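Participant: Whatever this is, show me its structure:
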Amino acid sequence: MDCDAILKMKDNDCIYVMQSKHSNSLQEDVQHGLLTVPRSMPPKYFYDEYGSLLFDRICDTKEYYPTRTESRLLEDHALELIELAMPRHILEFGSGCSRKTHFLMQACEDLKIDCQYLPFDVCEEVLYQVRDEYIRRYQWSDVTPLIGDYTAGLDDLHRPEGACLYVFLGSSIGNFDRQQAKEFVAEVAACMLPGDSFLLGVDRVKSAQILHQAYNDKDGVTGEFNLNLLNVLNQRLDANFDLNNFKHKAIYNEVLQRIEMYLVAESRQTISFNALDESIQINKDEEILTEVSHKYTYDQAESLLTDAGLHILKHVEPDNAWFSLVMAHKP
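Facilitator: Predicted coordinates:
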């Protein structure tokens with residue numbers, strides 16, 4: 001990286017993480033996913049500024065148990081998890097609004113551990129809001145946003161000196177397919193130095209009814225979040241999606257142990273992508289796959305980490321076994 005880029009990073013009090021492997025651009029994902037059948041788009045495009053705020057609202061819905069369950073686990077176990085990791089740095093992948101990381105930072109404060117927080121995500125606006133909030137709340141801490149796509153390779157990931165706790169919460173690991181999840185955890189493990197730790201949040205296999213309700217809340221917030229993907233395409237590619245012509249659909253695929261989320265066309269329509277000089281015909285009831293969320297058993301959750309050469313330090317779950325927090329370290 002050249003000196004100008006480094007100066008830019010310092011001026012903005014953030015670090016831009018460069019891609020170290022090819023990651024499709026929006027245009028490429030549309031070419032490969034929407035211009036061909038069956039149609040799909042990756043979920044990373046949900047998270048513009050408005051989408052990030054909508055996801056924060058999803059976390060407050062009655063039906064969406066993962067956030068409540070994981071938050072309770074963190075509240076109950078943050079002190080012992082931090083005592084195991086003794087981090088000088090907490091680096092969080094897909095940090096979003098960082099609402100649950102407060103439990104870890106508060107544990108650092110209670111244990112009088114000076115710890116730098118490095119939230120890593122794609123949305124600069126949200127990261128800056130998080131930075132300002134955390135600096136106000138934890139005046140003893142340094143907060144340095146990492147801006148980039150954590151799925152685009154970690155070779156250029158900023159590696160701070162001192163013990164680092166890598167964090168991946170919110171069951172976001174479920175958005176990868178099984179092989180991609182193993183590869184990502186292995187990639188994180190390769191970044192870790194001996195003594196570093198990795199805290200992973202994993203949603204567990206459970207009743208199909210509970211899962212269905214979690215992704216089909218009665219207030220329609222998840223539906224609005226799903227439909228916002230079309231707004232992103234309209235804004236960034238000068239497309240002409242009419243959100244009133246689509247509906248949200250989420251089902252649990254018991255064979256593949258995953259939630260599948262779709263946008264379903266309610267009429268036959270022509271969609272133009274003016275920025276690409278492309279257009280497509282979408283038929284009534286045709287579906288666009290927008291997200292998958294894999295669920296794991298207890299043993300599958302641990303295998304994600306042990307297969308990458310990490311050693312399990314702690315595995316906590318609630319009485320109903322709906323969610324797991326798994327802590328591992330690099331020996």
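
Participant: okay, CA-based contacts and neighbour counts for the rest of this
Facilitator: Noted.

Participant: where along the stretch 101-250 of the chain do the strands fall?
Facilitator: Per DSSP state E, counting those that start in this stretch, the stretch 101-250 of the chain carries strands over the ranges 116-121, 146-147, 164-168, 197-203, 246-253.

Participant: Parallel or antiparallel, list what pairs with the third one.
Facilitator: Strands adjacent to strand 164-168 in the sheet, as given by DSSP bridges, are strand 89-93 (parallel), strand 197-203 (parallel).

Participant: ditto for the shortest one
Facilitator: Paired strands of strand 146-147, with direction, are strand 15-16 (parallel), strand 116-121 (parallel) (DSSP bridges).

Participant: which stretch in those strands is the model least sure about?
Facilitator: With a mean of 93, strand 15-16 has the lowest mean pLDDT of the strands paired with strand 146-147.

Participant: re the thing from before, with respect to burial, which of the strands of the stretch 101-250 of the chain scores highest?
Facilitator: Most buried of the strands of the stretch 101-250 of the chain, by mean neighbour count (mean count of other Cα atoms under 10 Å): strand 197-203, with a mean of 26.

Participant: ok, and what's touching it?
Facilitator: Defining contact as Cα atoms under 8 Å, 6 or more residues apart in numbering, one finds that strand 197-203 is touched by 66, 70, 85, 163-174, 294-296, 301, 322-330.

Participant: Select, out of the strands paired with strand 164-168, the one closest to residue 106.
Facilitator: Among the strands paired with strand 164-168, the nearest to residue 106 by Cα to Cα is strand 89-93 (12.3 Å).

Participant: May I have that closest one exported as CSV, CA atoms only?
Facilitator: Provided in CSV are the C-alpha atoms of strand 89-93 (Å, rounded to 0.1, in the frame of the first residue of the first chain):
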residue,chain,number,x,y,z
HIS,A,89,-7.9,-6.1,20.8
ILE,A,90,-11.3,-7.3,19.8
LEU,A,91,-11.7,-7.6,16.1
GLU,A,92,-15.3,-8.2,15.0
PHE,A,93,-16.3,-9.5,11.5
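
Participant: How about it, which residues are buried there?
Facilitator: 89, 90, 91, 92, 93 (16 or more other Cα atoms under 10 Å).
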